[in-house]
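> Starting from these lines, generate the structure:
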Amino acid sequence: MSLLNTLVVKTLPAVPKPVVRRFSSRYIAGDSLDDAVRVARKLNHKGCMVTLDVLGEHLRTREDAELATEQYLLVLDTIAHEKLDSNISIKLTQFGLKLDFDFCLKNMSMLIKRARELKNFVRIDMEDTSCTTDTLRMYDLLRREFSNVGVVVQAYLRRTLADVRDLMKNGVQTNFRLCKGIYVEPREMAFKDPNLINNNFTMVLSEMLRHSAYVGIATHDERLVWDAMRLVDELKVPKTSYEFQMLLGVDEQLRDIILAAGHRLRIYAPFGEQWYAYSVRRLKENPQIAGHVIKNLFK
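Down below sits the predicted model:
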């Protein structure tokens, strides 16, 4: 499928938007918050927890970042009103990280404070390596005041194990989502060999669990799911101290297997008007997704 994946990605600019929408509809909850609520409720009924994400990042003005903050405050209020089992995921460049660190910190503090009032949680997603250091710094500052905030780390980055150890050493509770990582990064920053990435994923996960961090184990790789189940069994990790996480519409059979085994599982459900940019970007960043999309389209 590799040649087909590459061809799909290269021809994306010529593909009509309605076709891209059909490709992406399985993986995006919809354009509106009402769409997201409907999808989240269905997932809750199937036994899945949810994290909602308003699409849009790398905003260029303070006004746009303030608007994004207001959008997420509305999402938090809606989750509470609809009694959904859902938290939220955000990207710091949507809140002004590339404009001004302190401005972004102010927006994040406002959001996390509101989430705390509603007994909810905010996950800070990880972006490309131009954001890694500032993202971890932001998380470290916020968790000193708030317990309802977590961060994402990426197993394919060479620095991740050291970053995780550094965050865990000062005694403040840590809450991670561990994923492989999808951005295209240079070899000096990221492992390129899939086996090395998987081995690093398992090593980082072991380090987290052995130091009582809460972990969202985000993967669709069944080998890594097995490794995670082995670790939580060997270390006798309480089921309330970890969860599995998957993307909306990806390998639903594995999702059901994880749930049937008695593990908690959360689905990442993005939504919003920026669905087209998100779909194109994800396909370009990870051409393998194109193959999965095409196979699912013809099922």
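> what's around Ser187, how many residues?
If you look again at residue 187, you'll see it is Arg, not Ser. Using other C-beta atoms under 10 Å, Arg187 has 8 other residues around it. (Glycine included, C-beta is placed from N, CA and C.)
> err, Val122, not the other one
For Val122, the neighbour count with other C-beta under 10 Å is 24.
> What backbone torsions are found at it?
The phi/psi pair for Val122 (degrees, to the nearest 10) reads phi -120, psi 130.
> Now do it, the pLDDT please.
In this model, Val122 is scored at 98, pLDDT.
> Would you quantify the distance from Glu273 to Ile258?
Distance, Glu273 to Ile258, using C-beta to C-beta, to the nearest Å: 32 Å.
> More neighbours: which of the two?
Using other C-beta under 10 Å as the criterion, Glu273 and Ile258 rank with Ile258 on top: 22 against 11.
> Contact partners for the more buried one?
225, 244, 265 (C-beta atoms under 8 Å, 6 or more residues apart in numbering).
> which SS class is it?
Going by DSSP: H, G, I helix; E, B strand; the rest coil, the secondary structure assigned to Ile258 is helix.
> State the pLDDT value of it.
According to the prediction, Ile258 has pLDDT 98.
> now do the one 3 residues further on
We have a pLDDT of 97 for Ala261.
> same deal with Pro13?
64.
> which SS state does Gly216 fall under?
Under the three-state scheme (three-state DSSP), Gly216 adopts strand.
> Can you report how many residues lie near it?
For Gly216, the neighbour count with other C-beta under 10 Å is 23.
> was I right about it contacting Met246?
No - judged on C-beta atoms under 8 Å, Gly216 makes no contact with Met246 at a distance of 10.3 Å.
> What's opposite the residue nearest to Met49 when sequence neighbours are not counted in the beta bridge?
Spatial nearest neighbour of Met49, excluding adjacent residues (C-beta to C-beta, 6 or more residues apart in numbering): Arg266 at 4.1 Å. Beta-bridge pairing of Arg266 under DSSP bridges involves Met49, Gln245.
> got it, and the one 4 residues further on?
Beta bridges link Pro270 to Asp53 when assigned by DSSP bridges.
> before we move on, back to that, Serialize the contacts of Ile258 to CSV and add fields for neighbour count.
Output for those, formatted as CSV (neighbours: other C-beta atoms under 10 Å):
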residue, neighbour count
Val225, 20
Phe244, 26
Leu265, 22
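> which residues are in contact with both of Gly216 and Met246?
Arg266.
> from the contacts of Ile258, which single one is nearest Asp251?
For the contacts of Ile258, the residue nearest Asp251 by C-beta to C-beta is Val225; the value is 9.8 Å.
> Could you export the contacts of Ile258 as a markdown table, including distance to Lys113 and pLDDT?
Shown next, in a markdown table, are these (distance: C-beta to C-beta, whole Å; pLDDT from 0 to 100):
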| residue | distance to Lys113 | pLDDT |
| --- | --- | --- |
| Val225 | 35 | 98 |
| Phe244 | 29 | 98 |
| Leu265 | 28 | 98 |
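> can you put the residues you listed in JSON lines and add distance to Phe103?
JSON lines is the format used below for those (distance: C-beta to C-beta, whole Å):
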{"residue": "Val225", "distance to Phe103": "39"}
{"residue": "Phe244", "distance to Phe103": "35"}
{"residue": "Leu265", "distance to Phe103": "35"}
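> Name the nearest residue to Leu73, ignoring sequence neighbours.
Excluding the flanking residues, the one nearest Leu73 by C-beta to C-beta, 6+ apart is Arg114, at 5.6 Å.
> hmm, back to that, the residue nearest to Met49 contacts Asp53, doesn't it?
No - contact criterion C-beta under 8 Å: Arg266 and Asp53 do not qualify, at 11.9 Å.
> how near is the residue nearest to Met49 to Phe146?
20 Å.
> Specify which residue of those two has the higher count of neighbours.
Shown here are Arg266 and Phe146; by other C-beta under 10 Å, Arg266 has more neighbours (23 against 17).
> Report the contact partners of the more buried one.
Neighbours of Arg266 in contact, by C-beta under 8 Å, 6+ apart: 48-51, 216, 243-246.
> Neighbour count says what about those residues? Which are buried?
48-51, 216, 243-246 (16 or more other C-beta atoms under 10 Å).
> Just give me the closest of those to Lys106.
Using C-beta to C-beta, the buried ones among the contacts of Arg266 come closest to Lys106 at Thr51, 23.1 Å.
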